[in-house]
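Q: sequence first, then the predicted structure, then my questions.
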Amino acid sequence: HSPPPPPSSSSSHPFTHRLPNCRSHAQIVYRWHAGSMAGYIASSYAASPYASATPGIDSGDIACYYKGYRDATGTYTSMHYEVLLARVAFLLVYENLIFVVKLLLAYIIPDIPKLVRTEIEKEKYRAECAMEAMQAKAAGDTLSQMSDSGESAV
């Protein structure tokens with residue numbers, strides 16, 4: 001992004017230049033309230049309530065500004081809380097969006113690849129066949145022992 005142009009000399013406030021096209025939560029909230037971005041910079045800086053109370057400094061024409069949404073007494077304005085709410089809302093929406101994408105990817109991508117699943121099923125089938133063969137052999141051995149001893153199977 002290119003830096004914003006310098007402040008215009010026609011305005012009395014030092015922070016009245018226009019913004020680049022990037023949008024922060026505060027910019028979105030300001031545009032929603034004001035309808036345009038005109039005056040955003042001036043509204044996003046607060047004058048220090050303690051500038052005139054600084055000992056040893058004549059504050060006749062000096063104003064000390066800082067980034068924040070506070071009134072003349074230094075308390076938070078409603079804009080501060082609205083920006084805070086916008087940040088929390090963005091966080092919640094973004095978190096849930098990531099969660100939905102994760103669930104979608106987990107549904108699309110199987111846990112076990114198809115080739116591995118096929119090999120597991122083949123191995124399971126072979127084990128069942130071997131078990132049946134062992135049971136048949138054991139049953140056959142039991143019948144042959146019974147016939148050798150002269151016992152009846154029924």
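A: Ah, there it is.
Q: ok, residue 30 - how many residues close by?
A: Residue 30 has 25 neighbouring residues, counting by other Cβ atoms under 10 Å. C-beta: built from backbone N, CA, C; applies to glycine.
Q: that one and residue 36 touch, don't they?
A: No. Residue 30 is beyond contact range of residue 36, at 9.1 Å (criterion: Cβ atoms under 8 Å).
Q: which pLDDT value belongs to the residue most central in space within the chain?
A: Most central in the chain under Cα atoms, centre = their mean is residue 95, positioned 3.1 Å from the mean C-alpha point. Note for residue 95: predicted pLDDT of 97.
Q: that one sits in which helix or strand?
A: Counting by DSSP states H and E, the element that carries residue 95 is helix 78-108.
Q: and that helix, what does it pack onto?
A: If contacts are counted by 3 or more Cβ pairs under 8 Å, 6 or more residues apart in numbering; DSSP states H and E, helix 78-108 sits against helix 25-34.
Q: if you set the cut-off to 10 Å instead, what comes out?
A: helix 25-34, helix 40-44 (3 or more Cβ pairs under 10 Å, 6 or more residues apart in numbering; DSSP states H and E).
Q: which elements pack onto the shortest one?
A: Other helices and strands packing on helix 40-44, by 3+ Cβ pairs under 10 Å, 6+ apart, are helix 25-34, strand 65-67, helix 78-108.
Q: give me whichever of the ones you listed is most buried.
A: Highest mean neighbour count among those (mean count of other Cβ atoms under 10 Å): helix 25-34, with a mean of 16.
Q: got the angle for that one vs helix 78-108?
A: Interaxial angle, helix 25-34 versus helix 78-108 (axes from the mean of the first three to the mean of the last three Cα atoms, to 10 degrees): 120 degrees.
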